[in-house]
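>>> coords below, sequence missing:
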Ligand SMILES: [Fe+2]
């Protein structure tokens, strides 16, 4: 993992990804059957492709007001390309590498999960959005009033989450964020 973070350096390991990684660590303690050596690199690398899209264009490609599904697809394809280069450069196990790349390839556009590892990557990616920090950033960048955004977000828990553990964490995190942000 150390070798991988060195090779990742030019791609800006986003602050968001580090937060998602922390949430994933909490989640993976609950779900021990998952393959950490697949899920963790998938979480770290899944969004490296944003690097190829100008920052002022990125908000068009996700969120409740998404306007450009093609751009969302570009960030997935670019993430796969860059992740392949990184995993190959560090000599990552080829079977796991291919599983990681398959997960990254549909991490936003594919609404179904292919495996438990895939479910965990998707759940950890979404869980960050239920934290007070995630909500504060998202409602501003999506230009939606805080109360209205939280109403919408609260309805997404059952739609988005795959594992019961993530549903539980999302509900707890959302309730805490409501107390912090709305009261
Ligand atoms: Fe993404």
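Arrived safely. Bear in mind the structure is a predicted one, so any value in this text is a computation, not a measurement.

>>> State the distance from the residue most central in space within the chain to the ion.
Note on the chain: the residue nearest the mean C-alpha position is residue 125, at 2.6 Å, using Cα atoms, centre = their mean. Using Cβ to the ion, to the nearest Å, we find residue 125 at a distance of 7 Å from the ion. C-beta coordinates here come from the backbone N, C-alpha and C atoms, glycine included.

>>> could you pull out the helices for this protein?
2-8, 15-30, 36-45, 55-58, 69-89, 94-105, 116-127, 132-141, 146-154, 157-160, 164-182 (DSSP state H).

>>> remind me which residues of this protein are low pLDDT?
For the chain, the stretches with pLDDT under 70 are 1-22, 24-32.

>>> Tell me the residues of it that contact the ion?
47, 108 (Cβ under 5 Å from the ion).

>>> at 8 Å what do you get?
46, 47, 49, 50, 62, 72, 75, 76, 79, 107, 108, 125 (Cβ under 8 Å from the ion).

>>> Please name the residues that touch the third one.
By Cβ atoms under 8 Å, 6 or more residues apart in numbering, the residues touching residue 49 are 74, 75, 76, 77, 78, 79, 80, 81, 82.

>>> Repeat the analysis, applying 6 Å as the threshold.
75, 78, 79 (Cβ atoms under 6 Å, 6 or more residues apart in numbering).

>>> Kindly indicate the member of the residues you listed with the most neighbours.
residue 79 (25 neighbours; other Cβ atoms under 10 Å).
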